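Participant: Prediction below, plus the sequence it came from.
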Amino acid sequence: MLTNTNHTLEKLENLLKAAEYKVRYEKGNFKTNACLLQNSRMIVVNKFSNLESKIQAVTELIRQLEIDVKQLDDKQLGLLNQIKQTELEL
């Protein structure tokens with residue numbers, strides 16, 4: 001289970017950066033608090049969402065993405081596996 005801290009959000013951002021995705025925080029009317037722009041590697045997160053919502057939204061997007069594990073270091077790979085494992089437990 002991921003903790004709801006700024007450090008956790010930074011780790012998620014670093015994982016996405018290593019996988020060559022860009023994360024931007026913008027204002028908008030997002031029903032899911034985040035979205036993946038179609039045909040690009042850009043994730044837009046609602047900057048007005050609370051920390052828990054941001055982490056939850058980014059985690060849900062990571063679960064749906066096809067991430068090349070060769071681009072990740074050991075810590076990022078562990079985080080990705082933890083996220084994917086949490087999905088299986090749900």
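Facilitator: It's in. Numbers count the residues shown, from 1 in each chain.
Participant: make it CA atoms for all contacts and neighbour counts henceforth
Facilitator: OK.
Participant: Show me what the helix or strand of the chain with the lowest mean pLDDT pairs with in its sheet, parallel or antiparallel.
Facilitator: When each helix and strand of the chain is scored by mean pLDDT, DSSP states H and E, strand 34-36 comes last, with a mean of 82. The sheet places strand 34-36 alongside strand 42-46 (antiparallel), with pairing taken from DSSP bridges.
Participant: Mind checking what helix or strand follows the strand it pairs with in sequence?
Facilitator: Beyond strand 42-46 in the direction of the C-terminus, DSSP states H and E gives the next helix or strand as helix 51-64.
Participant: After that next one, heading C-terminal, what element do we hit next?
Facilitator: Following the chain from helix 51-64 toward its C-terminal end, the next helix or strand by DSSP H and E is helix 74-89.
Participant: could you dump that next one to CSV, C-alpha only?
Facilitator: Only the C-alpha atoms of helix 74-89 are listed here, as CSV (Å, rounded to 0.1, in the frame of the first residue of the first chain):
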residue,chain,number,x,y,z
ASP,A,74,15.7,-1.5,-9.2
LYS,A,75,13.8,0.9,-6.9
GLN,A,76,11.5,2.0,-9.7
LEU,A,77,10.9,-1.6,-10.8
GLY,A,78,10.1,-2.5,-7.2
LEU,A,79,7.6,0.3,-7.0
LEU,A,80,6.0,-0.7,-10.3
ASN,A,81,5.7,-4.3,-9.1
GLN,A,82,4.1,-3.1,-5.9
ILE,A,83,1.6,-1.0,-7.8
LYS,A,84,0.8,-4.0,-10.1
GLN,A,85,0.5,-6.4,-7.2
THR,A,86,-1.9,-4.1,-5.4
GLU,A,87,-4.1,-4.2,-8.5
LEU,A,88,-4.1,-8.0,-8.3
GLU,A,89,-5.1,-8.0,-4.6
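Participant: With that, I have no additional questions.
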